[in-house]
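K.L.:
fold the following for me, if possible:
(chains A and B)
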Amino acid sequence: MRDFFKLKKQEPSFIDKNLPFTDIQYTVLDTELTGLNEKKDSILSIGAVRMAGTRIELGNSFHQLVKPDTQFKPDSVVVHEITPSDVLKKPTIDVILSEFLQFCGSDILVGHCLSIDMSFINREMKRIYRNTIQNPLIDTYKVYEWLRKKVPTKTCFSSSPQDSSLYEIAKCFSIAVRGAHNALIDAFITAQLLQRFMPVLIDIGITTIGDLLKIGHPLEGGDTHKISSEISNF
Amino acid sequence: MIIEDVIDFLRKVPPFQFLDDSTLKDITGSISMEFYPKGTFIQTQGGPADYLYIIKKGEVKVSIKNENEDVFLDYRGEGDLIGYLLIFGGTKARANVTAIDDTICYLIKRETIQNLLYLNPAVREFFNKSFLTRYLDKTFKEIKNKNLVYSGGDKILFTMPVGELASKGVISASHNISIQEAAEIMANYRISSLILVDEAGVPSGIITDRDLRDKVVSKGKDCKHPVKDIMSVPHIRSDVKEYCFEAILKMVKHNVHHLLVMKDDKLQGVLTNHDLMLIQGTSPLSIVKDIESQSTVGALVPVSRKINNIVGLLLNEGAKASSITRIISEINDRLVRKIIELAEDRFGEPPLPFCWIVFGSEGRKEQTFKTDQDNALIYHDPTDPEMEKAAQEYFRDFTFFVRDGLLKCGFPPCPADFMATNPMWRQPLHVWRKYFTNWISTPTSEAVLNTVTFFDFRAVYGETRLLDWLKDFTLSMAKDSKIFLGYIANLAIKNRPPIGFLKTFVVEKSGEHKDKLNMKIKGLAPLVDIMRLFALEKGIKETSTIERIQVLRDKHTIVKEYADELIHAFEFIMMIRIQLQFEQIKESKEINNFINPNNLSNLEKRIAKETFQLISKIQDLIIERYKAMIW
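P.N.:
Sure thing, here's the model as predicted:
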């Protein structure tokens, strides 16, 4: 419960929206799931890596396999290559989630199509702590979509990836995508994606965390929001 | 998982490649990764310098702003470091570093590096000292590891001091005892050789089983005679601290099978070729023995084929390039001498004393694999025309015999016909003196080519005094001929090594060797030419580049300052070349001097770069000195 209170103290309002986003600490995360059904499936693993501004702290990472509380589905095993025997002796999500919350602290959470990960994490949060994650969130896919509309001429944004998957977008930015596929590696690729977006954002005058949070909001989608720099231009 | 990738990468980057796994893990714990889009600054001069940057991907430009002028310093790429000067204190960046391509860097905190420096001598050494002078050994190790073609892998020859291998507690006896007494001692102790000492206990000679056979039994000599009569003096000595390789070289050179191993002028032991054979298997010595025991050119052919294998063996033993070339030259010398002896057997006593000389790489003792024949013959000045005619006829047949013998043993003829078979290069001493006088006083381009060709000459057989006279004469003449030296200086600066360009090297722009680098023309030749120039300036006799550097370090201001660097640079280029050619021979390809810079490791690339920078720096100094004469 200690983590819960710790979390409570760190309301998003504590972040000064005018701070440059290069001065903010981020936890970039990814989860592996038994499937995509929020009711039936559960978290298999959580991977995360810390970013201090534009810098990825390679040694400062989190990666845990979880003993799932739902049945394994053979088809998802093919995707994440985690087999039942891999996770049988692992801690439960209760333990892992507590560790993960400790790892995140008050960081801004970043993920690719983050709302999926968050819906599973928050389901467990509600069950264990009767609360949801309060940390501010940034979805790299939303940022990508926004930049594509904003700077369509820039090479990395002009080429259209086959789909919106993390790997396809990463390839457009010549970020190394290897065969292996796990939560930590995917979190690392996501972090590199954010790292590539940051200078592009700065180039077009977007520098504050407040603006980045609007552009990268997981649910609403950045492009529906007017961001402050745009307003000031009017 | 992401850390493992970093560790794998650092394993190829000096100085991190010298760290053990647990240290690497510790460092990577605090490592971070940053992306710099093309055109952005990684470091700004005067800005903070809290990190050491390792370029993971991309390319950067290092420059310094000096009174509003941007002075270009260096390009760096994958595996290179940025900001290592912070190690020497100071918290401000000393240069501007700009990404000239999208660049990814790993960042290590200053404190982490300083800790590493404190705990790890190898890393300390790396940062404290010039890469070139200190990192050669490591490069060699790396090169060698790439090339473990021969089994075994012991580096005993080059790591074990003679003192450890030599038999200790040597049996010795007074040189005043009789032959019989000596033989008795040998029989009692079951030894094949006996050291004899004088009244003061200082070794004065040695007798071996062979001496008893050759000098006593077969001659029916009275064994009551003092052993002094048959003992071999002078014997060759070796210091306990010398490496076995040096011992082998001495044995090869003096054709002996025993060395006295001395410690502080006292006899400590005896080293036999048998001891050396035991640790080696195939040995350079056994080849020499093979050469010596043949009596026809035909029988020498199979022996000579083994010489290339020796290079592989020595590479594997961890030999330095200069050690390899010294041994190979020594063996080749023996082969040449043997063929000349066979020629003497065939044509009888020469009408006049003569001296067989070699030049080019052979003259500099820098031969690796079979190179062109570069040889000539000097004979004593004849006193009358009749003798002159006899000498001409004798030496004509003689030199053709030697040339054909060498040809059969795999030494191709010189395409420019610098061979003793060419009547021009088979002349009495006074003609040779006239040649050099003309070349030095009227240095046409052909004359300069001739002089540089011949100036690395060395006597291999015969009356070496003939060459000494010629050398004394020409060296004293060249030393004072400023115009002639000017020509030689122009030659030494003609081939500028490839530096300062993107991707580190200037490579061939077209043709079969596109994108490759000619190590001989761009690296070796300038160094050899530079040292020949310096040798001529000071009139020193040494012909090998390394020997020239060593002798000139006390005599020549430029060499004094750069001697160690020059030696290392030379060793490095030779090593890269030997390595390349050995590979080519193994794959039965034609030998050439073209390396692909992409095949060099990061460490090799760095050393190559430093080597070329050094050569270029010395060439600049030469230009400065010969200003008025450079065209």
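K.L.:
residue ranges with poor pLDDT in chain A?
P.N.:
A:1-14, A:70-81, A:159-162, A:179-180, A:220-234 (pLDDT under 70).
K.L.:
taking the centroid of it, which residue is nearest it?
P.N.:
A:G111 (1.4 Å; C-alpha atoms, centre = their mean).
K.L.:
gap between that one and A:M118?
P.N.:
8 Å (C-beta to C-beta, to the nearest Å). For the C-beta atoms, the positions are set from N, CA and C on the backbone; glycine is no exception.
K.L.:
mutual contacts of the two, please.
P.N.:
Residues touching both A:G111 and A:M118 (C-beta atoms under 8 Å, 6 or more residues apart in numbering or on different chains) are A:L137, A:P218.
K.L.:
if we can go back for a sec, hmm, A:D139 and the residue nearest to the centre of chain A touching each other?
P.N.:
Yes - contact between A:G111 and A:D139 holds when scored by C-beta atoms under 8 Å: they sit 6.5 Å apart.
K.L.:
got any residues that touch both of the two?
P.N.:
Common neighbours of A:G111 and A:D139 (C-beta under 8 Å, 6+ apart) are A:P218.
K.L.:
just checking, A:Q64 touches A:K90?
P.N.:
Yes - A:Q64 is within contact range of A:K90, at 7.4 Å (criterion: C-beta under 8 Å).
K.L.:
which one's more surrounded, these two?
P.N.:
A:Q64 (20 against 17; other C-beta atoms under 10 Å in any protein chain shown).
K.L.:
excluding chain neighbours, what is closest to that one?
P.N.:
Residue nearest to A:Q64 in three dimensions, not counting chain neighbours: A:I96, with 4.7 Å by C-beta to C-beta, 6 or more residues apart in numbering or on different chains.
K.L.:
assign that neighbour to helix, strand or coil.
P.N.:
Under DSSP: H, G, I helix; E, B strand; the rest coil, A:I96 falls in the helix class.
K.L.:
distance-wise, check it relative to chain B.
P.N.:
According to C-beta to the nearest C-beta, to the nearest Å, A:I96 and chain B sit 17 Å apart.
K.L.:
these two touch, right, that residue and A:G47?
P.N.:
No - A:I96 lies out of contact with A:G47 (C-beta under 8 Å); the separation is 11.1 Å.
K.L.:
so between these two, which is more surrounded?
P.N.:
A:G47 (25 against 20).
K.L.:
residues in contact with the more buried one?
P.N.:
A:29-32, A:61-63, A:182-188.
K.L.:
before we move on, back to that, can you list phi and psi of the residue nearest to the centre of chain A for me?
P.N.:
Backbone torsions of A:G111, given as degrees, to the nearest 10, read phi -160, psi 170.
K.L.:
got the residues of chain A near chain B?
P.N.:
Applying C-beta under 8 Å from any C-beta of the partner chain, we find that chain A lies next to chain B at A:49, A:52, A:54-59, A:61, A:63, A:174, A:180, A:182, A:184-185, A:188, A:192, A:195-196, A:199.
K.L.:
re earlier: what sits against the residue nearest to A:Q64?
P.N.:
By C-beta under 8 Å, 6+ apart, the neighbours of A:I96 are A:I43, A:I46, A:Q64, A:V66, A:K90.
K.L.:
of those, which is the nearest to chain B?
P.N.:
Relative to chain B, the closest of the contacts of A:I96 is A:Q64; by C-beta to the nearest C-beta it sits at 12.9 Å.
K.L.:
any idea what that closest one is bridged to?
P.N.:
Beta-bridge pairing for A:Q64 (DSSP bridges): A:I46.
K.L.:
go through stretch A:145-157 and flag the buried ones.
P.N.:
A:E145, A:W146, A:L147, A:R148, A:K150, A:V151, A:C156, A:F157 (16 or more other C-beta atoms under 10 Å in any protein chain shown).
K.L.:
gap between it and the chain center?
P.N.:
21 Å (C-alpha atoms, centre = their mean, to the nearest Å).
K.L.:
try stretch B:564-572
P.N.:
9 Å.
K.L.:
that one - what's its average pLDDT?
P.N.:
For stretch B:564-572, mean pLDDT is 88.
K.L.:
buried sites along the top helix by length along chain A?
P.N.:
In chain A, with assignment by DSSP state H, the single longest helix is helix A:183-203. For helix A:183-203, the neighbour count (16+ other C-beta under 10 Å) marks A:183-202 as buried.
K.L.:
output the set of residues of chain B in proximity to chain A.
P.N.:
B:1-3, B:6, B:28-35, B:37, B:40, B:102, B:106-107.
K.L.:
for the stretch 401-550 of chain B, what spans make up the strands?
P.N.:
For the stretch 401-550 of chain B, the strands defined by DSSP state E, counting those that start in this stretch occupy B:426-428, B:458-462, B:517-518.
K.L.:
to A:E124, which of the ones you listed lies closest?
P.N.:
A:E124 lies closest, by C-beta to C-beta, to one member of these: strand B:517-518, at 60.4 Å.
K.L.:
quick one: strands adjacent to that closest one?
P.N.:
When DSSP bridges is applied, strand B:517-518 pairs with strand B:594-595 (antiparallel).
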